[in-house]
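> okay, predicted coordinates and the sequence, questions at the end:
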Amino acid sequence: MAYRRGFKSAANSTANEVRAELGLRALDRLDPWVLAAHLEIPVIPLSDYESDAPLAVEHFGSTETGAFSAATVFLGSRRTIVHNDSHSPGRQSSNLTHELGHGLLLHEPTPAIDDRGCRLWNQSIEDEAQWLAGALLITEDAALWIARGNTTVPEAAAHFGVSEAMVTYRLNVTGARTRVARGAHLRIIR
């Protein structure tokens, strides 16, 4: 994952600003549905399309649940997010926040499929949205708090309303465990 210069710092600042707008501190749980309402982005669960597209809902909701997490649909400049509500609540939180990250980063709409029916994918903007989603859900300060042993990964997942995979991701990408270990080592030497 190669990010453009300064992206991570800017995204972390954006996450802290957005959390402040919502009245949240670093260790508070962010509710993605509240953030979506704050940003005036409607969120529609996939299951709402049961009567219009029953085969698609069955496929993505039961048969191949990993094939679809969430997507932003545009009508002009208006965004709407459709998300797979068959996923666990923690995963839905990550899916929705990822899509909100695209909105906060002002990523332009792009076609989902090319003229041959193949999925189009811009890894760079997906990585950016993932980073911002993680920073919104578990701030850098929260990752350090977890790494200091204040809570376990499962407890942190429950506290922040995310999956254990998201907690582990944030601990890894922030280097929280290494930073805490280095800080502990430095304290011993002094």
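Yep, that arrived. Numbering: from 1, shown residues only.
> quick one: the helices in this protein?
Assigned by DSSP state H, the helices in the chain fall at 7-21, 32-38, 54-58, 89-104, 123-137, 140-145, 153-160, 164-173, 176-189.
> tell me which of these lies nearest to residue 72.
Closest to residue 72 of these is helix 89-104 (Cβ to Cβ; 5.0 Å). Heads up, the C-betas are built off the backbone N, CA and C, glycines and all.
> list the buried residues of that closest one.
By neighbour count on 16 or more other Cβ atoms under 10 Å, the buried set for helix 89-104 is 90-104.
> can you name the residues that contact residue 166?
Going by Cβ atoms under 8 Å, 6 or more residues apart in numbering, residue 166 touches 90, 93, 94, 134, 137, 138, 157, 160.
> which of the residues you listed lies closest to residue 110?
In terms of Cβ to Cβ, no member of these lies closer to residue 110 than residue 94, at 21.2 Å.
> now that closest one, nearest residue through space, not along the chain?
Closest residue to residue 94 apart from its sequence neighbours, by Cβ to Cβ, 6 or more residues apart in numbering: residue 166 at 5.2 Å.
> quickly note the distance from the one you found to residue 38.
Using Cβ to Cβ, to the nearest Å, we find residue 166 at a distance of 21 Å from residue 38.
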